[in-house]
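In: predicted model follows, preceded by the sequence.
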Amino acid sequence: GENVEQHPSTLSVQEGDSAVIKCTYSDSASNYFPWYKQELGKRPQLIIDIRSNVGEKKDQRIAVTLNKTAKHFSLHITETQPEDSAVYFCAAREGGSYIPTFGRGTSLIVHP
Amino acid sequence: SQTIHQWPATLVQPVGSPLSLECTVEGTSNPNLYWYRQAAGRGLQLLFYSVGIGQISSEVPQNLSASRPQDRQFILSSKKLLLSDSGFYLCAWGQGAMSTEAFFGQGTRLTVV
């Protein structure tokens, strides 16, 4: 089955800096890669996703890149703000699979 | 639009007591349904998933069970809770076998005392 590794487990940055979270996956058949943000005590919510036919996707301060050959994808947050502080999860899902496989999460702390 | 409801939001139960958490989805039919547990505020551990009424797949041997009595209802149960069952339980749904996002319920904070 799919295995998703996520790094780092904790990331501390100053407001305005950029933050990068990296994930690797094992199943070359995976073709959908969502990122979720979970604020303290709340549900995870999708913030951005990318499919395997695209190498990069951007939405305002958030971007995701995908390298299919190396089987890794990354979340980039620019101009970080305190409200970006949360746990971020990457996931990978194979087309035809019912189950997304999640990374273990990255706790992002943005210091004012 | 689709919505997912999960209750209760918080629950404190004594060791050895039973558990029943309920999740319902509105605005869609034949969803895939999932129960996750999140311990220590971090990783999402898949407990059960269901692709149809009465169809339950267990990912991890647990002191827990799941049932899907109706198309849009998913229930997580235990006959006798253990201290180690404490955690944040999340129900989620997704659509079909296509690669799409999972939508999470608000979660239930379970504390076993």
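Out: That came in fine, so what should we check first?

In: distance of the residue most central in space within chain B relative to residue A:57?
Out: The centroid of chain B falls nearest to residue B:35 when counting by CA atoms, centre = their mean (3.0 Å). Relative to residue A:57, residue B:35 is positioned 30 Å away (criterion: CB to CB, to the nearest Å). For the C-beta atoms, the positions are set from N, CA and C on the backbone; glycine is no exception.

In: residue ranges for the strands of chain B, please.
Out: Per DSSP state E, chain B carries strands over the ranges B:3-7, B:10-13, B:19-26, B:31-38, B:44-52, B:55-58, B:65-70, B:73-78, B:87-95, B:103-104, B:108-112.

In: is chain B contacted by the lowest-mean-pLDDT helix or strand in chain A?
Out: Every helix and strand in chain A was compared by mean pLDDT, DSSP states H and E; the lowest is strand A:101-102, with a mean of 90. Yes. Contact of strand A:101-102 with chain B (CB under 8 Å from any CB of the partner chain) involves residue A:102.

In: show me what secondary structure element comes after that strand.
Out: Sequence-wise, the next helix or strand downstream of strand A:101-102 (DSSP states H and E) is strand A:106-111.

In: then that following strand to PDB, C-alphas only?
Out: Extracted C-alpha coordinates of strand A:106-111, given in PDB (Å, rounded to 0.1, in the frame of the first residue of the first chain):
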ATOM      1  CA  THR A 106       3.600  19.300  10.400                       C
ATOM      2  CA  SER A 107       3.000  21.700  13.200                       C
ATOM      3  CA  LEU A 108       3.700  25.100  11.800                       C
ATOM      4  CA  ILE A 109       4.200  27.900  14.300                       C
ATOM      5  CA  VAL A 110       4.400  31.500  13.000                       C
ATOM      6  CA  HIS A 111       5.800  33.900  15.500                       C
END
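
In: partners of it in the sheet?
Out: If you go by DSSP bridges, strand A:106-111 pairs up with strand A:10-14 (parallel), strand A:86-94 (antiparallel).

In: residues contacting residue A:99?
Out: Residues in contact with residue A:99, defined by CB atoms under 8 Å, 6 or more residues apart in numbering or on different chains, are A:93, B:34, B:46, B:49, B:59.

In: re the thing from before, can you tell me which of the strands of chain B is packed in deepest?
Out: Among these, ranked by average contacts under mean count of other CB atoms under 10 Å in any protein chain shown, first place goes to strand B:31-38 (a mean of 24).

In: the host helix or strand of residue A:24 pairs with which strands?
Out: Taking DSSP H and E as the definition, residue A:24 sits inside strand A:19-25. When pairing is defined by DSSP bridges, strand A:19-25 lines up against strand A:4-7 (antiparallel), strand A:72-77 (antiparallel).

In: show the average pLDDT along the longest one.
Out: Computed over strand A:72-77, the mean pLDDT rounds to 98.

In: just put the strands paired with strand A:19-25 in JSON lines and tack on mean neighbour count and distance to residue B:3.
Out: Converted to JSON lines, these look like this (neighbours: other CB atoms under 10 Å in any protein chain shown; distance: least, CB to CB, whole Å):
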{"stretch": "strand A:4-7", "mean neighbour count": "18", "distance to residue B:3": "28"}
{"stretch": "strand A:72-77", "mean neighbour count": "21", "distance to residue B:3": "27"}
